[in-house]
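>>> Okay, sequence plus prediction incoming.
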Amino acid sequence: MPEYFGRYGGQYVGEVLKPALVDLASAFAECRKDKKFLAEYKDLLTHYAGRPTPLLYAENLTRALGSAKIYIKLEGLANTGAHKINNALGQALLAKKMGKTAVIAETGAGQHGVAVAAACARLGLRCEIFMGAVDAARQQPNVFLIKQYGAAVNIVNDGTKTLKDAVNACLKRWSACYADAHYLIGSALGPYPYPDMVKFFQGVIGRELKQQIFQRERRLPDVLIACCGGGSNAIGMFAPFLKNKKTRLIAVEAGGAGNKPGQHASRICRNSPAGIIEGYKSRFVQTADGQAQPTRSISAGLDYIGIGPELAALADSGRIEFTLAKDAEVLRAYRCLARTEGLLFALESAHAAAAALKIIPQLPKNKIAVINMSGRGDKDIFITAPALYKKEWLEFLRQETERLCG
């Protein structure tokens, strides 16, 4: 069945949402083959999102590591600062074609929320974003940006006050308004057809990369490395390479601060069991009896408890290798890429960079590796500055507080 990827996937939702998913699957099936829709989508990607994004030869890092040739796919240079705009534009355009007048969405790190708010402003759709209170506190720059695009921001104070709870709030809201509103899921997960839909719209990353690397090297890369929370940037980068078994595909999970429950957000590397949460079956950070466990990551975009069902199936089959990066390694990689290549990676993307710094030195010099910079790190200043320049940052905040309140 197309709704499943091996033993994962499906539509585990209440009867009230079944008609909405049937309509969405039908509309997506039509639009993905509609030349007019695809042309309009491509026009938005080109003239609004700024695609294709560059493929940078990381000459300095390659020389410093003395091993394989390294390239970086600069998704952080897309409009709104991350790969999220690819899917946001595709789904928002689809919603408009379906006659919807509003869009609701969840967000963790805020990049999806920013992209959805921007896409809705561009396409003339009302927009409502749900964000956990913990994530909103550490991603205030993105909360500000979402509001600038005219979207409403609903802060979720339930549960752990993070992405899982924002998703729950969205599903509840959608149950009451699906006739007029589209729920724009940001990662390749959720009830079918969302995993396929997000993979389709994010596949532009891998298709561009395949063409760009072949033009530069006259062959395909040997290794692709991407961070993996829910998995939208990973499956988007990997999709066109899945059948080419000569290219290693490496997904990097959030190792957090340690190995104990509540210290990380690793589903595959920590061998988390399969379960059904938030409308689909996949691997989740949970107890043996199916209770969701708290997660932790320095990056708000990688602390979700689940992973996309297709990625879980590809992990089971061994087609995608999974590893993890811990918070301290991520900060070191963030600083390394800034100082060697002049790139400020988002903390999510810095997980991929952290893994690359361990994996690439083991490769022969005649190999080619590509790191996906899924987003840029402007949004993380309230996390990275206290971690790397605590004294100076606290003094700056003190002075600003006095100035504003004085």
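On my side now, so go ahead.
>>> and the residue nearest to residue 107 when sequence neighbours are not counted, what pLDDT?
Counting by C-beta to C-beta, 6 or more residues apart in numbering, residue 107 lies nearest to residue 113, which is 3.2 Å off, once chain neighbours are set aside. C-betas here are computed from N, CA, C, even on glycine. Predicted confidence (pLDDT) for residue 113: 96.
>>> who are the neighbours in contact with residue 113?
105-107, 129, 131, 142-143, 146, 151, 153 (C-beta atoms under 8 Å, 6 or more residues apart in numbering).
>>> tell me the SS of it?
Put simply, residue 113 is helix when judged by DSSP: H, G, I helix; E, B strand; the rest coil.
>>> just to revisit the earlier point, in strands only, show me the contacts of residue 113.
When DSSP state E is applied, the contacts of residue 113 are split such that 105-107, 129, 131, 153 fall in strands.
>>> quick one: low-confidence parts of the stretch 1-150 of the chain?
For the stretch 1-150 of the chain, the stretches flagged by pLDDT under 70 are 1-2.
>>> all strands for it, in order.
Along the stretch 1-150 of the chain, the segments classed as strands by DSSP state E, counting those that start in this stretch run 4-5, 8-9, 55-57, 69-74, 102-107, 126-132.
>>> of those strands, which approaches residue 180 most closely?
strand 102-107 (5.8 Å; C-beta to C-beta).
>>> All the helices of the stretch 1-150 of the chain, in order from the start?
With DSSP state H, counting those that start in this stretch applied, the stretch 1-150 of the chain shows helices at 18-31, 35-44, 59-65, 84-97, 111-123, 133-138, 140-148, listed in chain order.
>>> Take these and lay them out in a markdown table including distance to residue 75.
A markdown table is the format used below for the helices of the stretch 1-150 of the chain (distance: least, C-beta to C-beta, whole Å):
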| stretch | distance to residue 75 |
| --- | --- |
| helix 18-31 | 23 |
| helix 35-44 | 16 |
| helix 59-65 | 17 |
| helix 84-97 | 8 |
| helix 111-123 | 10 |
| helix 133-138 | 21 |
| helix 140-148 | 16 |
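>>> most neighbours per residue, which of those?
helix 111-123 (a mean of 27; mean count of other C-beta atoms under 10 Å).
>>> what angle do that one and helix 140-148 make?
20 degrees (axes from the mean of the first three to the mean of the last three C-alpha atoms, to 10 degrees).
>>> Distance from the chain centre to helix 111-123, please.
Centroid separation between helix 111-123 and its chain, computed with C-alpha atoms, centre = their mean, to the nearest Å, is 15 Å.
>>> Okay, the residue nearest to residue 107 and residue 205: tell me how far apart.
20 Å (C-beta to C-beta, to the nearest Å).
>>> Residue 6 contacts residue 315, correct?
No: the criterion here is C-beta atoms under 8 Å, and residue 6 misses it with residue 315 at 10.1 Å.
>>> Quick check on those two: which one has the bigger neighbour count.
residue 315 (20 against 13; other C-beta atoms under 10 Å).
>>> so the more buried one sits right up against residue 268, yeah?
Yes: the criterion here is C-beta under 8 Å, and residue 315 meets it with residue 268 at 4.7 Å.
>>> residues making contact with stretch 354-363?
By C-beta under 8 Å, 6+ apart, the list of residues contacting stretch 354-363 reads 65-68, 70, 222-223, 225, 250, 252, 323-326, 329-330, 332-333, 336, 369, 371.
>>> and the longest strand along the chain, C-alpha only, in CSV?
Counting residues, the longest strand in the chain under DSSP E turns out to be strand 248-256. Below are the C-alpha coordinates for strand 248-256, written out as CSV (Å, rounded to 0.1, in the frame of the first residue of the first chain):
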residue,chain,number,x,y,z
ARG,A,248,26.5,6.4,1.2
LEU,A,249,23.7,8.2,2.9
ILE,A,250,24.4,9.3,6.5
ALA,A,251,21.7,10.9,8.7
VAL,A,252,22.7,12.6,12.0
GLU,A,253,20.5,12.6,15.0
ALA,A,254,20.6,14.7,18.1
GLY,A,255,22.8,13.1,20.7
GLY,A,256,22.1,15.9,23.2
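>>> buried residues in that strand?
Residues of strand 248-256 classed as buried by neighbour count (16 or more other C-beta atoms under 10 Å): 248-256.
>>> how many neighbours does the residue nearest to residue 392 when sequence neighbours are not counted have?
Excluding its sequence neighbours, the residue lying closest to residue 392 (C-beta to C-beta, 6+ apart) is residue 385, at 8.0 Å. Residues lying near residue 385 (other C-beta under 10 Å) number 15.
>>> roughly how far apart are the nearest residue to residue 24 once chain neighbours are set aside and residue 98?
Nearest non-adjacent residue to residue 24, counting by C-beta to C-beta, 6+ apart: residue 193, 6.2 Å away. For residue 193, the distance to residue 98 equals 13 Å [C-beta to C-beta].
>>> shared neighbours, these two?
By C-beta under 8 Å, 6+ apart, the residues touching both residue 193 and residue 98 are residue 24.
>>> Those two: which has the busier surroundings?
Per other C-beta under 10 Å, whichever of residue 193 and residue 98 has more neighbours is residue 193, with 22 against 15.
>>> give the contact list for residue 51.
Residue 51 touches 45, 78, 86, 204, 208, counting by C-beta under 8 Å, 6+ apart.
>>> between these, which has the most around it?
residue 86 (29 neighbours).
>>> so who does that one touch?
45, 49, 51, 78, 201-202, 204-205, 236.
>>> Same list, those, but as CSV with distance to residue 125 please.
What follows is these, written out as CSV (distance: C-beta to C-beta, whole Å):
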residue, distance to residue 125
45, 18
49, 17
51, 21
78, 20
201, 16
202, 20
204, 21
205, 24
236, 23
